[in-house]
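In: coordinates only, sequence not included:
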Ligand SMILES: Cc1cc2nc3c(=O)[nH]c(=O)nc-3n(C[C@H](O)[C@H](O)[C@H](O)COP(=O)(O)OP(=O)(O)OC[C@H]3O[C@@H](n4cnc5c(N)ncnc54)[C@H](O)[C@@H]3O)c2cc1C
């Protein structure tokens, strides 16, 4: 099982720390198959929910190695940060993607075969099975899978991204949507990613060798230019001094947020509010939020009011605010994605806390990853 709670994530980080330098740099591209992903950290489900935060992960790595030795691993963590900042400044990309999903797709036999993992391309069908069984795929498998979906099978990238969002435990609106757009050739304009049989054979250690089965000569999909970067959305600020602390899967480490007022209680929102996801993903969200609430309740000495229903969450939440004497909600900044979409329609005063780590890095995600990457030593100096 992927580490999700803070204890699980810290134990995994401690075990992987010795491997975050040359081992990771040399082995990270190898997909040795389910139950053998030891050359990568498998911390993504915890980082995505911030039961483990990026800054403390990087600090731990730098406690074990110098920057040059662990640069590759640190860069990968910053890819996550880069994608978050990039989407935050272009939320229309997320809105357009969600609109496409809402409109639905023509259910062709080819689409259904891919969605059900019965295309006859052995590697693709095996990754599909692994995704459904474990809620995880190695990064290289995600790239190959998306490339085969788009460029070999000719299917809409949004339908593939939706399959990933449904089943990936680390499913993230920024990393997933922009990862699929990158493979399609929409993100870095005109540059598509083509999965090659030789590369798959090498990096799966010979488990798969799909010679003659793939469209290797790929062309970028047509699409509009990327929208220009907008100003970052300002965190919401409510007046009042009696906040109810609310936890969502966007950030389950409330004890490291700088809260302006002592909360009057804490609660987690039901995982199902962010739309239909696989049972294992919803269970991981619930576990992370339960864990986050328990830690926040202990840290700030709070009553835990969790347990509201999906069906009547707004009414239940209003009721708990009255019961606890809260005059507003306080929560971590909700980045572009399902949780922001849901919560922005809820008319209760809210204060959001933007972490200094995000505030520092996101404004640099205006252009490509290369200029962003150059800033990493500067980001780290402030950690
Ligand atoms: C099509 C596609 C879809 C993806 N969807 C997601 C997603 O929904 N959620 C998600 O967290 N990642 C996504 N990724 C990025 C990457 O595949 C995963 O973050 C990584 O495989 C997680 O495994 P790990 O924790 O063992 O990674 P490690 O290699 O151990 O990396 C450490 C951490 O760095 C971050 N990271 C590593 N590689 C990337 C990357 N390429 N982009 C962004 N962050 C990265 C993750 O937080 C990861 O936990 C996607 C990539 C592609 C190509």
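Out: Ah, there it is. It should be emphasised that the depicted structure is a prediction, and the values quoted were computed from it without experimental measurement.
In: Geometric centre of the chain: which residue is closest?
Out: residue 172 (2.7 Å; C-alpha atoms, centre = their mean).
In: any chance you could map the strands in the stretch 251-383 of the chain?
Out: 265-268, 328-332, 350-353 (DSSP state E, counting those that start in this stretch).
In: Among those, which comes closest to the ligand?
Out: Evaluated over these, closeness to the ligand peaks at strand 328-332, with 16.8 Å, by C-beta to the nearest ligand atom. (Glycine included, C-beta is placed from N, CA and C.)
In: who does that closest one pair up with?
Out: strand 243-247 (parallel), strand 350-353 (parallel) (DSSP bridges).
In: Next, the contact list for the residue of the stretch 251-383 of the chain found nearest the ligand, please.
Out: Closest approach of the stretch 251-383 of the chain to the ligand (C-beta to the nearest ligand atom) occurs at residue 369, with a separation of 9.4 Å. Contact analysis of residue 369 by C-beta atoms under 8 Å, 6 or more residues apart in numbering lists 79, 82.
In: one more time with 6 Å
Out: residue 82 (C-beta atoms under 6 Å, 6 or more residues apart in numbering).
In: Check residue 205 too.
Out: For residue 205, counting by C-beta under 6 Å, 6+ apart, the contacting residues are residue 32.
In: okay, it: pLDDT?
Out: The model reports residue 205 with a pLDDT of 96.
In: ok, it to residue 277 distance?
Out: Residue 205 sits 31 Å away from residue 277, going by C-beta to C-beta, to the nearest Å.
In: ok, now residue 156?
Out: Residue 156 is 20 Å from residue 277, by C-beta to C-beta.
In: more crowded one of those two?
Out: residue 277 (21 against 17; other C-beta atoms under 10 Å).
In: List the residues that contact that one.
Out: Taking C-beta under 6 Å, 6+ apart as the test, what residue 277 contacts is residue 166.
In: please redo it, this time with the cut-off set to 8 Å
Out: 165, 166, 167, 171, 271, 285.
In: Just put those residues in a markdown table and tack on pLDDT, distance to the ligand and neighbour count.
Out: Conversion of the contacts of residue 277 to a markdown table gives the following (pLDDT from 0 to 100; distance: C-beta to the nearest ligand atom, whole Å; neighbours: other C-beta atoms under 10 Å):
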| residue | pLDDT | distance to the ligand | neighbour count |
| --- | --- | --- | --- |
| 165 | 98 | 7 | 24 |
| 166 | 98 | 11 | 17 |
| 167 | 98 | 10 | 21 |
| 171 | 98 | 4 | 26 |
| 271 | 97 | 16 | 20 |
| 285 | 98 | 13 | 27 |
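In: Which of those residues fall in helices?
Out: 165, 166, 167, 285 (DSSP state H).
In: Burial check on the closest residue to residue 255 other than its chain neighbours, number of neighbours?
Out: Leaving aside its chain neighbours, residue 255 sits nearest to residue 299 (3.9 Å; criterion: C-beta to C-beta, 6 or more residues apart in numbering). Using other C-beta under 10 Å, residue 299 is surrounded by 12 other residues.
In: Residue 143 too?
Out: Neighbour number of residue 143 under other C-beta under 10 Å is 20.
In: Wait, a strand at it?
Out: No: under DSSP: H, G, I helix; E, B strand; the rest coil, residue 143 falls outside any strand and is assigned helix.
In: burial measure for the closest residue to residue 339 other than its chain neighbours, as a count.
Out: What sits nearest to residue 339 in space, not counting adjacent residues and going by C-beta to C-beta, 6+ apart, is residue 248, at 4.7 Å. By the criterion of other C-beta under 10 Å, residue 248 has 26 neighbours.
In: Mean neighbour count, the strands of the stretch 251-383 of the chain: which tops it?
Out: strand 265-268 (a mean of 25; mean count of other C-beta atoms under 10 Å).
In: Summarise which helices and strands it is packed against.
Out: Strand 265-268 is packed against strand 243-247, helix 279-300, helix 313-324, with contacts defined by 3 or more C-beta pairs under 8 Å, 6 or more residues apart in numbering; DSSP states H and E.
In: so of these, which one's packed in deepest?
Out: The most buried stretch of these, if neighbours are counted by mean count of other C-beta under 10 Å, is strand 243-247, with a mean of 27.
In: Let me see the mean pLDDT of that one.
Out: On average, the pLDDT along strand 243-247 is 98.
In: what about it, distance to the chain center?
Out: 22 Å (C-alpha atoms, centre = their mean, to the nearest Å).
In: what does stretch 7-16 give?
Out: Chain-centre distance of stretch 7-16: 19 Å, with C-alpha atoms, centre = their mean.
In: can you check stretch 171-191 too?
Out: On C-alpha atoms, centre = their mean, the centre of stretch 171-191 falls 13 Å from that of its chain.
In: okay, residue 305: pLDDT?
Out: pLDDT at residue 305 comes out at 97.
In: List the beta-bridge partners for the spatially closest residue to it that is not a sequence neighbour.
Out: Once flanking residues are discounted, residue 305 sits nearest to residue 267: 4.2 Å by C-beta to C-beta, 6+ apart. Counting by DSSP bridges, residue 267 is bridged to residue 246.
In: pretty sure residue 267 is touching residue 306, no?
Out: Yes: in this structure, residue 267 is within contact of residue 306 by C-beta atoms under 8 Å, at 4.7 Å.
In: Could you name every residue contacting both of those two?
Out: With C-beta under 8 Å, 6+ apart, residue 267 and residue 306 have common neighbours residue 293.
In: Could you confirm whether stretch 50-59 reaches the ligand?
Out: No: under the criterion of C-beta under 6 Å from any ligand atom, stretch 50-59 makes no contact with the ligand; the nearest approach is 7.5 Å.
In: Residues touching that stretch, excluding its own?
Out: 3-6, 9-10, 13, 43, 46-47, 74, 77-78, 80-81, 250-253, 256, 288, 291-292, 332, 355, 357, 380, 383.
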